[in-house]
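A.B. asks: Dropping a prediction and its sequence here:
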Amino acid sequence: MDLDLEVNKAIEKIKEEKAKLVCLQFPDGLKPQATKIAREIEEKTNAKVIIWLGSCWGACDLPVGIDKLKVDLLIQWGHSKFGFEKAISEYEKSLK
């Protein structure tokens, strides 16, 4: 079964944000596809992509220490939307 992981949406967001360093986070079941997705994103954007390899178990599982990596954008797969986009956006701005 092929899943639509909506990589095109990630690419659009990277371009929209003009992100140069992007971190991708996947649940453990999608990690085998991580390098393929990272390569596709790098080929279609000007971004350098890093993959978060820590375990990811749920929708609230943000990478610990992500702020130290100074990424422009964190893209997460397998997470539910909770409507916190504005709060997260404000938090991300405070990190810069």
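C.D. replies: Arrived safely, thanks for sending. Residues are numbered from 1 along each chain as shown.
A.B. asks: so what's the residue nearest the centre of the chain up against?
C.D. replies: Residue closest to the mean C-alpha point of the chain, counted by C-alpha atoms, centre = their mean, is residue 75 at 1.4 Å. Residues in contact with residue 75 (C-beta atoms under 8 Å, 6 or more residues apart in numbering) are 10, 13-14, 22-25. Bear in mind the C-beta positions are built from the backbone N, C-alpha and C, glycine included.
A.B. asks: Mind putting these into JSON lines with pLDDT, secondary structure and neighbour count?
C.D. replies: Putting the contacts of residue 75 into JSON lines (pLDDT from 0 to 100; DSSP: H, G, I helix; E, B strand; the rest coil; neighbours: other C-beta atoms under 10 Å) gives the following:
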{"residue": "10", "pLDDT": "95", "secondary structure": "helix", "neighbour count": "23"}
{"residue": "13", "pLDDT": "96", "secondary structure": "helix", "neighbour count": "14"}
{"residue": "14", "pLDDT": "97", "secondary structure": "helix", "neighbour count": "22"}
{"residue": "22", "pLDDT": "97", "secondary structure": "strand", "neighbour count": "23"}
{"residue": "23", "pLDDT": "95", "secondary structure": "strand", "neighbour count": "19"}
{"residue": "24", "pLDDT": "94", "secondary structure": "strand", "neighbour count": "23"}
{"residue": "25", "pLDDT": "92", "secondary structure": "strand", "neighbour count": "22"}
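A.B. asks: just these now: which is nearest residue 45?
C.D. replies: The shortest gap between residue 45 and any of the contacts of residue 75 belongs to residue 14, at 4.7 Å (C-beta to C-beta).
A.B. asks: Could you find the closest non-adjacent residue to the closest one?
C.D. replies: Distances taken as C-beta to C-beta, 6 or more residues apart in numbering put residue 45 closest to residue 14, at 4.7 Å, once the chain neighbours are dropped.
A.B. asks: So the one you found sits against residue 13, correct?
C.D. replies: No. Using C-beta atoms under 8 Å, residue 45 is not in contact with residue 13, being 9.7 Å away.
A.B. asks: Report the set of residues contacting both of those two.
C.D. replies: With C-beta under 8 Å, 6+ apart as the test, residue 45 and residue 13 both reach residue 19.
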